[in-house]
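Trainee: no letters, just coordinates:
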């Protein structure tokens, strides 16, 4: 099992460019999440999906969109990148029940917006 | 508002010097707590789930404990390879979304 995979690992964008971060999990998990991690701020939830076909905003959703393509895949799109979106982005998944709340994380995407 | 506070922010230990990390929270209806380890440049790695006050979990040199208001991660005789940032996270009320603390950065020197 690969667990949670993310692509790309690194990306540099110019202000105003768009891009999509890809995430896939092979653990048959129901719930998937996108976080950003900035120095001193900890992990902040951008969007999450409790099941295929549903998505909800997290703590910091502005400037982002998501798509839960199927049970395995959850993508994050930046329509018009801004320097404030320079961060490390993590995707995670969990079983989504009270017995399986623990989340498993991917390796991250380091994004720089100039 | 649900809040999670971890202390200390950073901890430097000599190899073999035991210590504890604290995670305190103001989460209504606490339904468990998770501990993660994060190495530089990597995603958080799941360590433990604690479901109820009084519960303890152990893994190698780490032992996690839980009360109604806080959790401790005890590190016994640490080694340099234990150096990492340790994160705690309880789920919010009526949701499986986790609320992460900012972590304790542990450095263990030989």
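Mentor: That came through, no problem. The structure displayed is predicted, hence computed values, not measured ones. Numbering: from 1, shown residues only, chains lettered A, B, ... in the order given.
Trainee: C-alpha from now on. contacts and neighbour counts both.
Mentor: Noted.
Trainee: below-threshold pLDDT in chain A: ranges please.
Mentor: Applying pLDDT under 70 to chain A flags residues A:96-99.
Trainee: show me where it has its strands.
Mentor: According to DSSP state E, chain A carries its strands in the segments A:4-7, A:10-13, A:19-25, A:31-38, A:42-49, A:56-57, A:64-68, A:74-78, A:87-94, A:104-105, A:109-113.
Trainee: show the pLDDT at residue B:22.
Mentor: Note for residue B:22: predicted pLDDT of 97.
Trainee: is it in contact with residue B:70, as I believe?
Mentor: Yes: judged on C-alpha atoms under 8 Å, residue B:22 makes contact with residue B:70 at a distance of 7.1 Å.
Trainee: which strand residues bridge the closest residue to residue B:103 other than its chain neighbours?
Mentor: Using C-alpha to C-alpha, 6 or more residues apart in numbering or on different chains and skipping the chain neighbours, the partner closest in space to residue B:103 is residue B:87 (4.5 Å). Note on residue B:87: beta-bridge partners by DSSP bridges are residue B:36.
Trainee: quick check, residue B:87 in contact with residue B:101.
Mentor: Yes: Residue B:87 lies in contact with residue B:101 (C-alpha under 8 Å); the separation is 6.1 Å.
Trainee: joint contacts of these two?
Mentor: Common contact partners of residue B:87 and residue B:101 (C-alpha atoms under 8 Å, 6 or more residues apart in numbering or on different chains): residue B:6.
Trainee: ok, back up a step: hey, which of the strands of chain A is tucked in deepest?
Mentor: Counting by mean count of other C-alpha atoms under 10 Å in any protein chain shown, strand A:87-94 has the highest mean neighbour count of the strands of chain A, with a mean of 26.
Trainee: elements contacting that one?
Mentor: strand A:4-7, strand A:31-38, strand A:104-105, strand A:109-113 (3 or more C-alpha pairs under 8 Å, 6 or more residues apart in numbering or on different chains; DSSP states H and E).
Trainee: got the residues of chain A near chain B?
Mentor: Proximity of chain A to chain B, by C-alpha under 8 Å from any C-alpha of the partner chain, involves residues A:40-44, A:90, A:96-98, A:101-108.
Trainee: can you give me the end-to-end span of stretch B:80-97?
Mentor: End-to-end distance for stretch B:80-97: 32 Å, by C-alpha to C-alpha, to the nearest Å.
Trainee: if we go by neighbour counts, what in that stretch is buried?
Mentor: B:82-92, B:96-97 (16 or more other C-alpha atoms under 10 Å in any protein chain shown).
Trainee: residue B:35: which of the helices and strands packed on strand A:87-94 is closest?
Mentor: strand A:104-105 (11.7 Å; C-alpha to C-alpha).
Trainee: work out the gap between that closest one and the centre of the chain.
Mentor: Remark: strand A:104-105 is offset 11 Å from the chain centroid, using C-alpha atoms, centre = their mean, to the nearest Å.
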